[in-house]
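Chemist: Quick one, structure for this:
(2 chains)
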Protein chains: 2
Amino acid sequence: MSALNVTHDPARRSWIESANTGDTDFPIQNLPFGAFVRDGETRIGVAIGDRIVDLRALHDIALLDGDAALACSSACDSTLNALMAHDARHVSALRAALSNLLKHDVPARSRLASSIDAVLPLMTNVELTLPWTIGDYTDFLTSLHHTERHGRYKGLADPLPAAFKSLPIAYHGRASSLRVSGGDVRRPYGQYRDANGNVRFGPAPMLDFELELAAVIGQGNELTRAISIDSAREHVFGYCLLNDWSAKSIQWFEQVLGPFLGKSFHSSVSPWIVTEEALAPFRKAAPQRAASDPAILPHLYGASDQRNGGLHLELFAHLSTAAMRSDRLPPAQITHTHLDNLYWTFAQMVAHHTSNGCNLRTGDLLGSGTISGPSDESRACLTELSEAGKKPLLLANGETRIELHDGDEIVLSARASAPGAVSIGFGECRGRIAPALPYPFDASREEH
Amino acid sequence: MSALNVTHDPARRSWIESANTGDTDFPIQNLPFGAFVRDGETRIGVAIGDRIVDLRALHDIALLDGDAALACSSACDSTLNALMAHDARHVSALRAALSNLLKHDVPARSRLASSIDAVLPLMTNVELTLPWTIGDYTDFLTSLHHTERHGRYKGLADPLPAAFKSLPIAYHGRASSLRVSGGDVRRPYGQYRDANGNVRFGPAPMLDFELELAAVIGQGNELTRAISIDSAREHVFGYCLLNDWSAKSIQWFEQVLGPFLGKSFHSSVSPWIVTEEALAPFRKAAPQRAASDPAILPHLYGASDQRNGGLHLELFAHLSTAAMRSDRLPPAQITHTHLDNLYWTFAQMVAHHTSNGCNLRTGDLLGSGTISGPSDESRACLTELSEAGKKPLLLANGETRIELHDGDEIVLSARASAPGAVSIGFGECRGRIAPALPYPFDASREEH
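Modeler: As a prediction, the model looks like this:
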């Protein structure tokens, strides 16, 4: 059903001209969901070119009916959670109805165009905000290249953990400090070992970015009821970009039971959730494994997942430093990678996550882990780009980096492209490192 | 202020006779908060002897005023979160007002007694339920003895991680699968190595319990604004018991970035939150450290925390097997430990957790980690009680245990006692291992 959806029609164009430019992330074939603040109120919207369909405003003028109207009324809320919990069929009906209202030859065009700023505000005129309430956040480690390089940096005899090819390794992340793209990322304090091996507490050196894709859960499962590999993708509402900012200095010292304060100071997500349905034309086979790799255990093996669990998706990271911006130099592309660099599919992550009966809830976030590939340009964090500090990354203006400096800005982006389909993007996931605040932060501290 | 609160008066008795028995967990000095289901509706209540004050019913008869009435109206909800977010002064006023309504010589007694089953239902007549919405769940590792023993079982040259005495080690846990005491704990499936070293997927052997105390956060902090050690305890609403059920077989195989599926299948909390205020009479100095231990870094050192960051609190685990129940044998006490066995205080956990700017939110849960001490009786999980399987735990009926069997039931309890104070308890945290369900769990699976 999904592959025949009208929203995939590559010939379809919109009467919103900015949606037809070829380089927009948001052509009429994408229609991702997000949230924005208007008159102090958070509203749910759908991106189209440089505009946003305000779903509450659309609901008020009553152009929709049936399942589409049902889904739209669930979007008259300050978060996407109610909509995400819907049957996929309702969300699909809403996207199809929006596509029909936005296509170039629609009769309703004049009615919408006459109230365009009320129903379709310009994206630049509003503030984008986190569109959903995140329950639990899980971060995986599914790039073999990222994992192997880090094992090598640590000097491990076998740089790949024994379990890596048996299951998608993961840990629980911190949900409270997830923020939408755009704000400052404050340099954290933390304990780390200084050059002399002494334990210090202070602003943490060795800040890094990590480029990830993340799945947002639509319908969850009950505790004790695992989701099978074959129905796993039905539980994914859509995807966004994730920057898993890391303070490596903190992480190296603290890590006994996994990452904690080295990551929990801030994680950034892109503001638009690109639906599973919009990505259907870009589906491809799951990445090939080496013939010598162990067989996939039956509960993680799905014939359909093997056929189309991959995506034609390229991902990018750009860096701009304070010096570059002051010299009006454009951001430098420092990473160009592909989702094929993951060893496990998102369906396998969902099936594994619930295989012990753990329940996923609407709004849970599953990060892929850093999407590094074998080539130099596909290294998706500074630690790898600088070979753990041994080969500093050289920028065009002569600056070098082995870690992020205050003022450095990272922008993540991604693009799905396939023959015969209109390319779609994810918008950007942006963040700039701000200097550490003075510590402690309140005046109530007793002297001792 | 807290130490002078009327609710601490040891001479005070209640007209609810079951609250005066000496062995009750819920004398008039305790007044912990919980939730229960009545006529299909979840309500907030306060335990007193064998009864529960239904705060909505109390609100409806309008016996309270001022701050107490304000707090009570926030408790006319299906979760405690609104009440927990209040200023501590309002919660304190509510507890004082309740204490005054429940004391033996109160004039309102006849009015309450005449509608006792409406306002004060018997605990056995209602179903207790999880009283609050948990945001993030963090689990610490703060017992030196637990940590050292596990390091030894793994054959580590230095069984204590380097960071252990510098910071309270922690990891993010899974919030979605936290459940209130009482239900079945379903044996999970998982990947583990069998006796021949082969990777298998099946019902997980080596299930264990872990006895912990957990803090529930009242007022949180903003991202980037650390909580100082001296104000840390003001952010704790109260405490409950936590059983961090663990599938050691899964954990041993999967663990690269910390515990994941080995713990996320189920964690249990006791239904009553004992407030920070009710515990004030049981405060004592933070546990002493060895003179050779490294100095506490300034951001984790609080003079007041050193003076009274500890608690006179004993904790217990009881086990009953199916055979014991069928022979009508009483549960066996298998653990008797003390909060003094933690190396770090809860204030230090809060200060450390937020030291990188990470925000805590109302309802976040912070587990202490397994509270094992140096003595044999204070080992707070089966792995330690059986010396990692080398010395099976022998029960009075001749059964032995190195792991939990289907049908085994664990009950955690705790008791705060101090000279001149009326002892208070936490209620119980109970769970029984149920056999694994057949796998997979849905019929949609394709053949391959």
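
Chemist: Just give me the neighbour total for whichever residue of chain A sits closest to chain B.
Modeler: Closest to chain B within chain A is A:G258: 2.5 Å, counting by Cβ to the nearest Cβ. C-beta: built from backbone N, CA, C; applies to glycine. Neighbour count for A:G258, taken as other Cβ atoms under 10 Å in any protein chain shown: 23.

Chemist: same deal with A:P438?
Modeler: For A:P438, the count of nearby residues is 7 (other Cβ under 10 Å).

Chemist: got a pLDDT number for it?
Modeler: Looking at A:P438, its pLDDT reads 83.

Chemist: That one: what's it in contact with?
Modeler: With contact set as Cβ atoms under 8 Å, 6 or more residues apart in numbering or on different chains, A:P438 has no partners.

Chemist: Where does it fall, secondary structure wise?
Modeler: Using DSSP states H and E, A:P438 is not contained in any helix or strand.

Chemist: just to revisit the earlier point, and the nearest residue to the residue of chain A closest to chain B once chain neighbours are set aside, backbone torsions?
Modeler: Using Cβ to Cβ, 6 or more residues apart in numbering or on different chains and skipping the chain neighbours, the partner closest in space to A:G258 is B:G258 (2.5 Å). Reported as degrees, to the nearest 10, the phi and psi values for B:G258 are phi 100, psi 180.

Chemist: Which of the helices and strands in chain A ranks last by mean pLDDT?
Modeler: helix A:109-114 (a mean of 79; mean pLDDT, DSSP states H and E).

Chemist: before we move on, what SS does the residue nearest to the spatial centre of chain A have?
Modeler: Geometric centre of chain A, nearest residue: A:L241, 1.9 Å, by Cα atoms, centre = their mean. Here A:L241 is recorded as strand under DSSP: H, G, I helix; E, B strand; the rest coil.

Chemist: Tell me the pLDDT of it.
Modeler: A:L241 is given a pLDDT of 98.

Chemist: is it true that the residue of chain A closest to chain B touches A:Y171?
Modeler: Yes - between A:G258 and A:Y171 a contact is recorded at 4.2 Å, counting by Cβ atoms under 8 Å.

Chemist: Which neighbours do the two have in common?
Modeler: B:Y171, B:H172, B:L257, B:G258.

Chemist: looking at these, which has the most residues close by?
Modeler: B:H172 (26 neighbours).

Chemist: Give the bridge partners for it, please.
Modeler: Taking DSSP bridges as the rule, B:H172 bridges to B:T138.

Chemist: how long is stretch A:34-43 from one end to the other?
Modeler: Taking Cα to Cα, to the nearest Å, the first and last residues of stretch A:34-43 lie 9 Å apart.

Chemist: Count the neighbours of A:L83 for me.
Modeler: Using other Cβ under 10 Å: A:L83 sits among 26 other residues.

Chemist: Also the one 3 residues further on?
Modeler: Residue neighbour count, defined by other Cβ under 10 Å, stands at 21 for A:H86.

Chemist: Kindly report the same for the one 4 residues further on.
Modeler: The local packing of A:H90 (other Cβ under 10 Å) involves 18 other residues.

Chemist: how about the nearest residue to A:S78 once chain neighbours are set aside, what does it touch?
Modeler: What sits nearest to A:S78 in space, not counting adjacent residues and going by Cβ to Cβ, 6+ apart, is A:T42, at 4.1 Å. By Cβ under 8 Å, 6+ apart, the contact set of A:T42 is A:A35, A:F36, A:S78, A:T79, A:T129.

Chemist: Report the buried residues of the host helix or strand of the first one.
Modeler: Okay, so that is A:A35. Taking DSSP H and E as the criterion, A:A35 maps to strand A:33-38. Within strand A:33-38, the residues that count as buried by 16 or more other Cβ atoms under 10 Å in any protein chain shown are A:F33, A:G34, A:A35, A:F36, A:R38.

Chemist: Does the residue nearest to the centre of chain A have any beta-bridge partners, and if so which?
Modeler: The partner residues for A:L241, given DSSP bridges, come to A:L213.

Chemist: surely it meets A:G425?
Modeler: No - assessed by Cβ under 8 Å, A:L241 is found out of contact with A:G425, at 9.9 Å.

Chemist: who touches both of those two?
Modeler: A:S413, A:A414.

Chemist: Could you double-check that A:W252 lies in contact with A:Y192?
Modeler: Yes - between A:W252 and A:Y192 a contact is recorded at 7.0 Å, counting by Cβ under 8 Å.

Chemist: So the two - more neighbours on which side?
Modeler: A count of neighbours by other Cβ under 10 Å puts A:Y192 above the other of A:W252 and A:Y192, at 23 against 14.

Chemist: Find me the pLDDT at the residue nearest to that one when sequence neighbours are not counted, would you?
Modeler: Leaving aside its chain neighbours, A:Y192 sits nearest to A:S249 (3.8 Å; criterion: Cβ to Cβ, 6+ apart). For A:S249, the pLDDT comes out at 96.

Chemist: Thank you, goodbye.
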